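Visitor: pasted the sequence and its predicted model underneath.
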Amino acid sequence: MTIRMRMLQVIVVMATLIGLITISAFAQNATSTYKYSGHSFQVSPPPVWTGVVTISLSLTTPLQSNATQVLVSPSALTISNGRTTLSSSDPQSRFVAVLWTDASANVVSWNIAGVNDTGLSIASCFAPYECNHDSTDQTSVSGGTVFTGTSPTPGTWTVTIPPTPVTASSSSLLFNAVQGGTSPAQSLVVGSSTPGVAIKTSTSLPSWLTFHNWLSGTTPATIPVAINSNGLLPGSYSCPVTFSTVNNGSVTVNVTLVVTSPGLKVNTTQLQFQYLTGSILPTPQTIQITSTGTQLPASVSLTVPWLTANTLSGSSPLNVIVGVNPAGMAVGTYNGQVVIASGSSPTQTVNVSLTITADLRPIITSAVNGASFKSGIGPGTWISIIGINFTNTTTGVSAPFLTSLHGVSAQLSGVGGAYSLLMYYISPTQINAFVPLEVAQSLFGNSCSVAVTTSNGTTSLTTQCQSLAPALFNYGTQHYASATHIDGTIVGVIPGTLPAQSGSIITLWGTGFGQTTPPTSTTSVNYSGTGGVLASPVVVLVNNTPSTLLYAGMVGVGLYQFNIQLPDGLATGDYPVTVQINGLTTDQVMLPVR
């Protein structure tokens, strides 16, 4: 037997008690209008929804002449998640159909009842009529339990309510706390597939666990979970907490508290110091000492004599500034420890390493004229850069000169530019390099910087740049002039040399006398040729008396030649020689005349 009916929206409330629902239904004779006399009933759920709730429905109506039995369909009503709605689009819809049939099982009349959150409503009509029916909202009902008899009898429907599925944002919560301390609170969210379901916990919480007065609520519920380790011994504590709904839906969350003893903590377990011999001491480093739980005393000890500390005792929190004193220590790697103790608390150890390396960076102590060894740098001048750690070898080269020699280079910089110097000679303690003639005029009269670069680094020295830095080459403590006879023999008084003679022609050698005519380019790394006569006039004085100047010019990179004829009548002796150019006079050198 199949009936079509309109899905009617009905109202069911589930509150605290389900009572007896009585429906009065009757029919008049076949010539009268069929009607239903009834009303909607409010029902309430029991205090706690258990698995099955039975709703008894009594039907009382005058027996129709052709009604011989009552068909109840369905015989059981299942409410999923605590609710039932009469909606053809809702797969959880449930309804009750009460059918009166005749002896041939033809429907005489029918009633339907539906359930939802807020109440119960009964709708009725009699066959063969359809009440409030439309073509877009139909359903078919068939089957059920048949109650037979001479008159309609009460029908009973059993309502099954499954437990509401309950979820938790985490299946476990872990807290770590120091004895007597706390741990940051955590939040637990308990929800359900249907929002608004009542939940509560029946778990008796231990003294160390609190939900901040939360006892019950509705889903989704955010529950603050906190702990307090006061009075607890070190160890692990656990409490399974169950949250349940009124129809036995539940979820269990395990809360664990791990309590540890108070102790010292340090912000690092390793300090490393690097020291270059001869340089400033490494920057001290700080060990931050704190404690878990309460304040604790701390004592500090150093295991090696080269370690230093600003304090050796105090209370947490405490900053210990650790330094090193490598005085008298050889190149190498050294290890020590800073040990922090506090009673029975576990000892904290900070390992310290000190690496001492030789400082191989170049160091410049002076930059001087290569002929006079006096300060002052000018264009067209060979200079000597004095210092240490320039190289591990001693090398001299001839033209053409390059700007780098065995990985060593030198540079002059100042107002107006920077210039690479041509390299002639390098040793561990000295570099001979040439300053180009093209140095900008803006460098003159200003401080400038000479830098040396090696594979171990770069260093520089501030000096003075000037327009000219003329000087005559010389040797020995008596500053004998580096001079030659016209045949190339060296002028001197030691074996293998010959002194000058009155009226003879000799050659003096110098550097730093400036530009030539025509101008000479000295910035090219391949320059090796001669230059030309000096652009500025010069006077060579012998014993403060001008001599006959036969030639004055540059004959090599930065090498200036002065050919002079000595005056007649010079007596045996050592005579001072100077050169004047552009108002400047060189330091005197001595010329032996015999």
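Guide: Arrived safely.
Visitor: what about the helices in the protein?
Guide: Counting by DSSP state H, one finds no helices in the chain.
Visitor: outline the domain layout of it.
Guide: According to automatic domain parsing, the chain is divided into the following domains: 2-160, 166-260, 278-353, 363-464, 476-593.
Visitor: by mean pLDDT, show me the worst of these.
Guide: Per-stretch mean pLDDT for the domains of the chain is lowest at domain 2-160 (a mean of 35).
Visitor: could you report the neighbour count for Ser398?
Guide: The number of residues packed near Ser398 is 8, by other CB atoms under 10 Å. From N, CA and C alone the C-beta is placed, and that goes for glycine too.
Visitor: number the chain from 450, please
Guide: Sure, I'll start numbering at 450, so the last one becomes Ser847.
Visitor: what's the distance between it and Ile813?
Guide: Relative to Ile813, Ser847 is positioned 25 Å away (criterion: CB to CB, to the nearest Å).
Visitor: cool, and Gly1007?
Guide: 20 Å.
Visitor: these two: which has the busier surroundings?
Guide: When Gly1007 and Ile813 are compared for neighbours, Gly1007 comes out ahead with 29 against 22, by other CB under 10 Å.
Visitor: how near is the nearest residue to Tyr873 once chain neighbours are set aside to Ser847?
Guide: Using CB to CB, 6 or more residues apart in numbering and skipping the chain neighbours, the partner closest in space to Tyr873 is Asn881 (4.5 Å). Between Asn881 and Ser847 the distance is 12 Å, computed by CB to CB.
Visitor: all strands of the stretch 800-949 of the chain, in order?
Guide: Using DSSP state E, counting those that start in this stretch, the strands of the stretch 800-949 of the chain run over 812-818, 830-837, 844-845, 853-854, 857-863, 866-869, 871-875, 879-884, 896-903, 906-913, 920-921, 923-924, 929-930, 932-934.
Visitor: pick the most deeply packed of the ones you listed.
Guide: For the strands of the stretch 800-949 of the chain, average neighbour numbers computed from mean count of other CB atoms under 10 Å are highest in strand 920-921, which has a mean of 26.
Visitor: just checking: what are the partner strands of that one?
Guide: strand 954-960 (antiparallel) (DSSP bridges).
Visitor: quick one: buried residues of the strand it pairs with?
Guide: Ile955, Thr956, Leu957, Trp958, Gly959, Thr960 (16 or more other CB atoms under 10 Å).
Visitor: and what of stretch 689-705?
Guide: Here stretch 689-705 shows Val690, Phe692, Ser693, Thr694, Val695, Asn696, Gly698, Val700, Val702, Val704 as buried, counting by 16+ other CB under 10 Å.
Visitor: got CSV for those residues, with distance to Ile935 too?
Guide: As requested, these are exported to CSV (distance: CB to CB, whole Å):
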residue, distance to Ile935
Val690, 115
Phe692, 117
Ser693, 123
Thr694, 123
Val695, 128
Asn696, 128
Gly698, 122
Val700, 115
Val702, 111
Val704, 109
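Visitor: quick one: which two of these are the most distant?
Guide: The most widely separated members of the buried residues of stretch 689-705, counting by CB to CB, are Asn696 and Val704 (25.1 Å).
Visitor: now do the end-to-end distance for stretch 690-704.
Guide: Its first and final residues considered, stretch 690-704 spans 7 Å by CA to CA, to the nearest Å.
Visitor: any idea how far it is from the chain center?
Guide: 42 Å (CA atoms, centre = their mean, to the nearest Å).
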